[in-house]
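Q: when you get a sec, could you give me coordinates for this:
(one chain, ligands or ions: 2)
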Amino acid sequence: MSSVNRNRPRRSCLAVPGPSQKFIDKARTLPADQVFLDLEDACAPLAKPGARKTIVAALNEGGWEGKTRVVRVNDWTTEWTYRDVVEVVEGAGANLDCIMLPKVQTPEQIVALDLLITQIEKTLGYEVGKIGIEAQIENALGLTNVNAIAAASPRVETIIFGPADFMASIKMKSLVVGEQPPGYDVGDAYHHILMSILMAARAYGKQAIDGPYLQIKDLDGFRMVAGRSAALGFDGKWVLHPTQVDAANETFSPSQADYDHAENILDAYDWYTSEAGGKRGAAMLGDEMIDEASRKMALVVAGKGRLAGMSRSDRWSPPEA
Ligand code: GLV
Ligand code: MG
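A: Ligands and ions are numbered 1, 2, ... in the order given. Purely as a prediction, here's the structure:
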């Protein structure tokens, strides 16, 4: 299998309707970490064959520098999936990072996609395993099997929460995607789902991505909902509109102060545990005691900052001898 780095920046994952040249051209200009060109729910059945061609051309034309390039195909219960995959990977496999598979219900559905992509890679002489898989969890069966789905293939890079389909699937009494269902006033109705996805992702070294927030004019609402999944540990969220891109990038990056602090913890711990620093396992950084567990926490925040391309504005130095 491939040695490709699957830990790609994904703070903002921009949904782009596959048939729309206008939205595709706009997407190239936006600072989203990821773009996914959609053959599924934002693409009418009659438009799907044409959209496959539009998407292949858009990927091959380029202009996606710095962005993770993804195509969402239709799910395996439809008649479109295999043609989506064959046309897109055969036509633009060299210019594509991942296939997103919606409504994943079982690990076998991931294995089937893996095998199909492998066939195409072998036929066309591409590196086998280069193209990743993003798995959307959008119904009760998918959530029940989420651990096995995350473990089903080394190609799996992300587990994504699909709130709209999920709410429909479990018969939630609400029409507002991302917001709490009216009448449920004792907690977060999505906590179990988000945590199950996050645990599966972390158990198998994948990224966890939150889905769309449909009230695109309500940026405060977007920030609040994004802030919740970011606080839990999610790596990013879908964005549906240019105004949501900066908000997602900001929400899923550490603050400058937290980033500087995390890098300083790493430097200080490195020094204190060294010969010069006295080979200490626990030490003081200002008023704070740091140890190996602090280092692990700091690595997470520093890792998110580095992935986001942040630079340090403050640097710790060892105490004078
Ligand atoms: C996304 O696909 C969703 O169903 O929310
Ligand atoms: Mg969906």
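Q: how long is stretch 179-188 from one end to the other?
A: Start-to-end span of stretch 179-188 (C-alpha to C-alpha, to the nearest Å) is 9 Å.
Q: list the buried ones in it?
A: Applying a neighbour-count criterion of 16 or more other C-beta atoms under 10 Å, one finds residue 179 buried in stretch 179-188. All C-beta atoms are positioned from the backbone trio N, CA, C, and that covers glycine.
Q: check whether it contacts ligand 1.
A: No - legend: contact between stretch 179-188 and ligand 1 by C-beta under 6 Å from any ligand atom is lacking; minimum distance shown is 12.8 Å.
Q: for stretch 153-166, same thing?
A: Yes - on the criterion C-beta under 6 Å from any ligand atom, stretch 153-166 is in touch with ligand 1 at 162-165.
Q: if you rank the residues you listed by neighbours, which is first?
A: Ranked by neighbour count (other C-beta atoms under 10 Å), those have residue 162 at the top, with 24 neighbours.
Q: how near is residue 317 to residue 268?
A: 9 Å (C-beta to C-beta, to the nearest Å).
Q: what count of nearby residues applies to residue 288?
A: The number of residues packed near residue 288 is 11, by other C-beta under 10 Å.
Q: who does it bridge with?
A: Beta-bridge partners recorded for residue 288 (DSSP bridges): residue 285.
Q: so which residues of the stretch 51-200 of the chain form strands?
A: Ranges of strands in the stretch 51-200 of the chain, per DSSP state E, counting those that start in this stretch, are 68-72, 98-101, 132-137, 156-161.
Q: turn those into TSV, including mean neighbour count.
A: What follows is the strands of the stretch 51-200 of the chain, written out as TSV (neighbours: other C-beta atoms under 10 Å):
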stretch	mean neighbour count
strand 68-72	25
strand 98-101	25
strand 132-137	26
strand 156-161	27
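Q: please identify which of these is closest to residue 289.
A: Checking the strands of the stretch 51-200 of the chain against residue 289 by C-beta to C-beta gives strand 156-161 as the closest, at 34.9 Å.
Q: quick one on the thing from earlier: between residue 317 and residue 268, who's got more neighbours?
A: residue 268 (24 against 9).
Q: which ones are touching that one?
A: Residues near residue 268 by C-beta atoms under 8 Å, 6 or more residues apart in numbering: 283, 285, 290, 316, 318.
Q: could you redo the last one with a cut-off of 10 Å?
A: By C-beta atoms under 10 Å, 6 or more residues apart in numbering, the contact set of residue 268 is 277, 283-286, 288, 290, 294-295, 298, 316-319.
Q: for those residues, which one is nearest ligand 1?
A: residue 298 (33.6 Å; C-beta to the nearest ligand atom).
Q: pull the distance from the helix or strand that contains the closest one to the chain's centre.
A: Using DSSP states H and E, residue 298 sits within helix 292-307. On the basis of C-alpha atoms, centre = their mean, to the nearest Å, helix 292-307 sits 18 Å off its chain's mean C-alpha point.
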